[in-house]
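**Q** task: produce atomic coordinates for the following.
(one chain, ligands or ions: 3)
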Amino acid sequence: MKVLVINAGSSSLKYQLYEMLNENVLASGRVERIGMDSSIVTHEPADKPEVRDVSEILDHVTAVKRVIDMITHKEYGVIGSMSEIDAVGHRIVHGGEVFKGSVLVTQEVKLEIRRLFDLAPLHNPAHMMGITAVEAVMPEVPQVVVFDTAFHQTMPNTSYLYPVPTVLYRRHKIRRYGFHGTSHAYVSDKAARYLNKPLQSLKMVTCHIGNGASCAAILDGKSFDTSMGMTPLEGLMMGTRSGDIDPAIVPFVMNKEELTLNEANSMLNKHSGMLAISGISSDMREVTEAMHEGDKNAKLAFDMYTYRLRKYIGAYAAAMNGIDVLVFTAGVGENSPDVREAVCEGITFLGIELDKEKNRIRSKEAREISTPNSRIKVLVVPTNEELLIARDTNTIVKELQN
Ligand SMILES: Nc1ncnc2c1ncn2[C@@H]1O[C@H](COP(=O)(O)OP(=O)(O)O)[C@@H](O)[C@H]1O
Ligand SMILES: CC(=O)OP(=O)(O)O
Ligand SMILES: [Mg+2]
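**A** Numbers count the residues shown, from 1 in each chain. Ligands and ions are numbered 1, 2, ... in the order given. Predicted structure coming up:
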């Protein structure tokens, strides 16, 4: 079976085409700047050179058509025609309390995703555009949706409720949902396999630190707590998101600076985090580089970022009454030895002993970076959200065919 995985954002659409027989990626790529004056299309076939193209792509339907053109192209395509695509799997950020696992797209499912627009205004409307675009271009092809929130639906109410009037939960479903669930699920499973131990027997903290960043406490193989909340704003300090702050700051600043709701939201989501503190960039590479060149604000941003991460790891070790495995993943977690070292060197009392040389080795494989004596195993596990989406899509569509 061939599965096309789509991660649609408001102005971008990323894709991967899988052959599920051997879980090979046939091609991947992205359309960026949808709806802007010049959109950029990047297509990476597995065995051919990368293709880049700048053109005008005004909406998601056109973007999906371009993707199909790319993967079926005579020269740089990887399949003969669109009819070879058996199913499409989508990443959906918010599944609320309704979706506890991946499902086939039906009218009802689409209605539910629409009902969740309120809870994820930046993400879910864009995903819906992806779904309707695929429907328009490939009406016969079954689609499956895989939710970032689903893995965290196992959290106990002590983890997911906020200490605010309970009417807010009953009326508006205000609670912690957590995100990056597909990634936390993938890397925790992979880490247990790497260590050759049953996942259920390990107390794990997984750190998905990319542009968005979240930690999860994994107990008995299930999500027990996670740092993102009702929206992907809570928790760790991120590229442009503040993470945890005193909630009283919001009405205070709105009043003092005469900010609208949108402006306040934008301040915390787009103009905070590492970008705000470093004054340089939201990108950890640029911040680290500036820090090594002696920039004080970059160093402060780096120190705050790693300090806040250590606090969460400590909190989750306490929450689970122990920790056996610490996992780093996503853009920063997989590629920044500086961040991993700063985090691990600050929590040695927990029983972490980092092998500094191993930590500096670059690799795309899952690997251990703690010493043999370290009581807590520290691993770097490259995430693969797309593969899990492809697997779920494959399973659900196969069941449909039987
Ligand atoms: N070599 C590197 N060193 C430090 N940070 C890196 C490196 N490569 C990537 N990153 C960080 O990874 C972040 C992107 O992570 P990623 O998981 O790809 O994000 P997204 O949330 O967009 O999927 C970038 O902002 C960058 O800071
Ligand atoms: C939910 C979320 O924060 O996603 P991303 O890391 O892709 O921004
Ligand atoms: Mg990501």
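
**Q** run a quick neighbour tally on Ser81.
**A** Ser81 sits with 10 neighbouring residues when counted by other CB atoms under 10 Å. The way it works is simple: take the backbone N, C-alpha and C, and place the C-beta from them, glycine included.

**Q** do you know the pLDDT at it?
**A** Turning to Ser81, the model gives it a pLDDT of 94.

**Q** can you check Arg362 too?
**A** What the model reports for Arg362 is a pLDDT of 94.

**Q** so the closest residue to it other than its chain neighbours versus Thr329, what's the distance?
**A** With CB to CB, 6 or more residues apart in numbering as the measure, Asn335 is the residue that lies nearest to Arg362, at 7.9 Å, once sequence neighbours are left out. With distances taken as CB to CB, to the nearest Å, Asn335 is found 10 Å from Thr329.

**Q** check Gly212 too.
**A** Relative to Thr329, Gly212 is positioned 12 Å away (CB to CB).

**Q** which parts of this structure belong to which domain?
**A** Split into domains by automatic domain parsing, the chain comes to 2-147, 197-385.

**Q** higher neighbour count, Asn335 and Thr329?
**A** Regarding Asn335 and Thr329, a neighbour count based on other CB under 10 Å identifies Thr329 as having more, with 27 against 17.

**Q** my read: the more buried one touches Thr383, true?
**A** Yes: using CB atoms under 8 Å, Thr329 is in contact with Thr383, at 4.4 Å.

**Q** which neighbours do these two share?
**A** Overlap of the contact sets of Thr329 and Thr383 (by CB atoms under 8 Å, 6 or more residues apart in numbering) consists of Ser183, Val187, His208.

**Q** dump the residue contacts of the residue of the stretch 201-350 of the chain found nearest ligand 2.
**A** The shortest separation between the stretch 201-350 of the chain and ligand 2 is 2.5 Å, found at Gly212 (distances taken as CB to the nearest ligand atom). For Gly212, the contacting residues are Phe179, His180, Met228, Pro232, Met238, Gly239, Arg241, by CB under 8 Å, 6+ apart.

**Q** and of those residues, the nearest to Val105?
**A** Ranking the contacts of Gly212 by separation from Val105, with CB to CB as the measure, puts Phe179 on top at 20.4 Å.

**Q** my read: that closest one touches Ile92, true?
**A** No: at 10.7 Å, Phe179 and Ile92 do not qualify as touching, with contact defined as CB under 8 Å.

**Q** can you tell me the centre-most residue of this protein?
**A** Closest residue to the average C-alpha location of the chain: His180 at 3.9 Å, with CA atoms, centre = their mean.

**Q** would you mind measuring from that one to Val41?
**A** According to CB to CB, His180 and Val41 sit 27 Å apart.

**Q** which residues touch stretch 381-401?
**A** Judged by CB under 8 Å, 6+ apart, the contacts made with stretch 381-401 from elsewhere in the structure are 1, 3, 5, 7, 16, 18, 20, 23, 25, 28, 86-91, 101-104, 142, 144, 146, 182-183, 185-187, 190-191, 194, 208, 327-330, 334, 364-366.

**Q** filter these down to just the ones in strands.
**A** Among those, DSSP state E puts 3, 5, 7, 16, 18, 25, 28, 87-91, 103-104, 144, 146, 208, 327-329 in strands.

**Q** which of those residues count as buried?
**A** Applying a neighbour-count criterion of 16 or more other CB atoms under 10 Å, the buried members of the ones in strands among the contacts of stretch 381-401 are 3, 5, 7, 16, 18, 25, 28, 87-91, 103, 144, 146, 208, 327-329.

**Q** up against ligand 2, what does the stretch 101-250 of the chain have?
**A** Selection of the stretch 101-250 of the chain residues close to ligand 2 by CB under 6 Å from any ligand atom yields Asp148, Phe179, His180, Gly210, Asn211, Gly212, Pro232.

**Q** hmm, try it at 8 Å
**A** 123, 148, 179-180, 208, 210-214, 228, 232, 238, 241 (CB under 8 Å from any ligand atom).
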